[in-house]
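A.B. asks: sequence-free structure coming up:
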């Protein structure tokens, strides 16, 4: 009797779950076959299929869960890759989640306002994407059209900008989400700072040691005995410039916000990101911070803000330029060398640019998007151009798209910055909301200055954060009334807490 009942249960289980078991078994066999023929990457792609199905299901069921997953994964994808925890191409999780979020918005049109995408930023990014699309016809190197290389290049150079702009414009559309976005960025930055502290006080882990010494990155990160820390980022330059941009944003919110808890929280995070900037030893970062604060001062339209911030920042720069204060600190000493025009390492970029410019005179459209050293034969004169380190994102774009392309890229981004700044300057009345918009404009300008000096502009996690964040600026005037109600409620709650606290103090005295 027991055996009969047991056999019935087995048959019921097989009837209900046999299909699932068969699919999993077939996937297992396929993964083994892929491992044999394509190695670990091929096996990982097969094993990612069920994970992708789960991700798509969660994305359709919980829209904002998918957005925040995108934000966090984007911030740590390179860190996970460096630690050996991500067997997939770094851009794949980002692209998958962005495309899923856009697909959800298209399917669920009743709850989606695509009008949020109708602004100068989307137009400018589309203009850049259109130019990059035409680059498929570029045959400067005389090798014929390499569609595969072009498609790989345009995804990273253009489409990732467009995806970020659309996703943020569609999903960050309420006062609550505006603050949630900044807090998510703050907590991600805090973990990166903690990891930097860990590298300084505890040391690098095995994966980081391998990356530094086995993969020959130590020469960029240990300069004249000075260690340049990189936290969870791709390298020290990316870490330092990102922290400079973040500190500008967080300080601006702390200065302009009316709610005390926001002022304290973002002020503290601003101080910590400034500390992280110095640990990177990235000299460009200090100029990025200066540029960001200059943009903010212009947009603030307030003498009460302009005068004290200018004095504090002027004293800070004066300390670096005209004194030896802090010279015993390796990171401050390296930052101070940024103001030395005869610094040898600072002039290497100029030498590389001069060498590249000789060849780029014959390539007004560049050598082609997605074209690298491995694609160009030894006899081709542009082989040399592909071998010279670009040192800068703008130089990288110049080499791939020529002076025509890099000029168009600069114009498109200038349109974005001017349009966003005009929105903040002329259309927003609420001071706290103005601060949020000014913070994005300031950090966007700071990032591009960093991209002019270092190849960090399109590195993770910058595109999603800064292009996505900048796209929300154009929505701020539409939600200003809702924001004022939200802020008034927070101020009331804060006042009530203070009143109750005061009553408790009085009661204790009695």
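C.D. replies: Nice, thanks for sending it over. Predicted, not measured: the structure shown is a model, and the values here were computed from it. Numbers count the residues shown, from 1 in each chain.
A.B. asks: what is the subsequent helix or strand relative to the one helix or strand in the chain whose mean pLDDT sits lowest?
C.D. replies: Every helix and strand in the chain was compared by mean pLDDT, DSSP states H and E; the lowest is helix 2-61, with a mean of 55. The first helix or strand that comes after helix 2-61 along the chain, using DSSP states H and E, is helix 63-82.
A.B. asks: contacts for that following helix, please.
C.D. replies: Contact with helix 63-82 is made by 55, 58-59, 86, 90, 93-94, 97-98, 100-101, 104, 167, 171, 177, 181, 184-185, 188, 192, 195, 207-208, 211, 232-234, 459-461, 464-465, as judged by C-beta atoms under 8 Å, 6 or more residues apart in numbering. The way it works is simple: take the backbone N, C-alpha and C, and place the C-beta from them, glycine included.
A.B. asks: in ChimeraX, how would I select just the buried ones from those?
C.D. replies: Selecting only the buried entries of the contacts of helix 63-82 in ChimeraX, with 16 or more other C-beta atoms under 10 Å as the criterion:
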select :55,59,86,90,93,94,97,98,100,101,104,167,171,177,181,184,185,188,192,195,208,211,232,233,234,459,460,461,464,465
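A.B. asks: okay, and residue 368 sits in which element?
C.D. replies: Using DSSP H and E, residue 368 falls outside every helix and strand.
A.B. asks: can you pull the contacts of it?
C.D. replies: So residue 368 contacts 135, 138, 139, 140, 141, 146, 149, 150, 153, 400 (C-beta under 8 Å, 6+ apart).
A.B. asks: what packs against the one helix or strand residue 249 maps to?
C.D. replies: Per DSSP H and E, residue 249 falls inside helix 236-256. Helix 236-256 sits against helix 175-201, helix 260-280, helix 284-300, helix 303-322, helix 431-453, with contacts defined as 3 or more C-beta pairs under 8 Å, 6 or more residues apart in numbering; DSSP states H and E.
A.B. asks: which residues of this protein score low on pLDDT?
C.D. replies: Flagging of the chain using pLDDT under 70 yields the residue ranges 1-61, 87, 109-111, 326-350, 509-510.
A.B. asks: residue 265 versus residue 492, what's the distance?
C.D. replies: In this view, residue 492 and residue 265 are 19 Å apart by C-beta to C-beta, to the nearest Å.
A.B. asks: before we move on, what about residue 128?
C.D. replies: Residue 128 is 35 Å from residue 265, where distance means C-beta to C-beta.
A.B. asks: nearest spatial neighbour of residue 468, chain-adjacent residues omitted?
C.D. replies: Nearest-residue entry for residue 468: residue 168, 3.6 Å, with adjacent residues in sequence omitted and distances by C-beta to C-beta, 6 or more residues apart in numbering.
A.B. asks: and the one you found, how many residues sit next to it?
C.D. replies: With neighbours defined by other C-beta atoms under 10 Å, the count for residue 168 comes to 27.
A.B. asks: re the thing from before, from the contacts of residue 368, which is closest to residue 471?
C.D. replies: Closest approach to residue 471 among the contacts of residue 368 (C-beta to C-beta): residue 153, at 23.0 Å.
A.B. asks: which residues does the closest residue to the closest one other than its chain neighbours contact?
C.D. replies: In space, residue 153 comes closest to residue 370 once its chain neighbours are excluded; the distance is 2.8 Å by C-beta to C-beta, 6+ apart. Residues in contact with residue 370 (C-beta under 8 Å, 6+ apart) are 146, 148, 149, 150, 151, 152, 153, 154, 400.
A.B. asks: just give me the closest of these to residue 484.
C.D. replies: Out of the contacts of residue 370, the member with the shortest distance to residue 484 (by C-beta to C-beta) is residue 154, at 41.8 Å.
A.B. asks: now for the closest one: which residues touch it?
C.D. replies: By C-beta under 8 Å, 6+ apart, residue 154 lies in contact with 129, 132, 133, 135, 136, 369, 370.
A.B. asks: who wins for neighbours among those?
C.D. replies: When neighbours are counted by other C-beta under 10 Å, residue 369 leads those with 27 neighbours.
A.B. asks: leaving out sequence neighbours, find the closest residue to that residue.
C.D. replies: In space, and not counting its chain neighbours, residue 369 is closest to residue 153: 3.8 Å by C-beta to C-beta, 6+ apart.
A.B. asks: give the contact list for the one you found.
C.D. replies: Applying C-beta under 8 Å, 6+ apart, we find residue 153 in contact with 368, 369, 370, 371, 400.
A.B. asks: picking that back up, most widely separated two among the contacts of residue 370?
C.D. replies: Farthest-apart pair in those is 148 and 400; separation 15.4 Å (C-beta to C-beta).
A.B. asks: these two - which one has more neighbours?
C.D. replies: residue 400 (25 against 10).
A.B. asks: so residue 363 sits right up against residue 400, yeah?
C.D. replies: No: the criterion here is C-beta atoms under 8 Å, and residue 363 misses it with residue 400 at 9.7 Å.
A.B. asks: what's the separation between the residue nearest to residue 468 and residue 292?
C.D. replies: Distance check for residue 168 against residue 292: by C-beta to C-beta, it reads 20 Å.
A.B. asks: one more: residue 455?
C.D. replies: Separation of residue 455 from residue 292 (C-beta to C-beta): 20 Å.
A.B. asks: and these two? Which one has more around it.
C.D. replies: Neighbours per residue (other C-beta under 10 Å) separate residue 455 from residue 292, with residue 292 holding more: 29 against 21.
A.B. asks: tell me the domain ranges of this protein?
C.D. replies: Following automatic domain parsing, one gets these domains for the chain: 32-112, 118-501.
A.B. asks: buried deepest among the ones you listed, which one?
C.D. replies: The highest average neighbour count among those, using mean count of other C-beta atoms under 10 Å, belongs to domain 118-501 at a mean of 19.
A.B. asks: next, the distance between the ends of that domain.
C.D. replies: End-to-end span of domain 118-501 (C-alpha to C-alpha, to the nearest Å): 47 Å.
A.B. asks: please renumber so the chain begins at 37
C.D. replies: Sounds good: first residue 37 from here, last item domain 154-537.
A.B. asks: circling back: got the angle for the host helix or strand of the residue nearest to residue 504 vs helix 99-118?
C.D. replies: Using DSSP H and E, residue 204 falls within helix 196-207. Angle between the axes of helix 196-207 and helix 99-118 is 150 degrees (criterion: axes from the mean of the first three to the mean of the last three C-alpha atoms, to 10 degrees).
A.B. asks: determine the set of other helices and strands touching helix 196-207.
C.D. replies: Applying 3+ C-beta pairs under 8 Å, 6+ apart, one finds that helix 196-207 contacts helix 99-118, helix 127-143, helix 156-170, helix 504-509.
A.B. asks: may I see those organised as JSON lines, with distance to residue 416 added?
C.D. replies: Below are the helices and strands packed on helix 196-207 laid out as JSON lines (distance: least, C-beta to C-beta, whole Å):
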{"stretch": "helix 99-118", "distance to residue 416": "32"}
{"stretch": "helix 127-143", "distance to residue 416": "28"}
{"stretch": "helix 156-170", "distance to residue 416": "22"}
{"stretch": "helix 504-509", "distance to residue 416": "38"}
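A.B. asks: quick one: contacts for residue 401?
C.D. replies: Residues near residue 401 by C-beta under 8 Å, 6+ apart: 171, 174, 176, 437, 438, 440, 441.
A.B. asks: right, and residue 361 touches residue 352 too?
C.D. replies: No: Residue 361 is beyond contact range of residue 352, at 10.3 Å (criterion: C-beta under 8 Å).
A.B. asks: not counting sequence-adjacent ones, nearest residue to residue 196?
C.D. replies: residue 499 (5.2 Å).
A.B. asks: part of a helix, is the one you found?
C.D. replies: Yes: with DSSP: H, G, I helix; E, B strand; the rest coil as the criterion, residue 499 is part of a helix.
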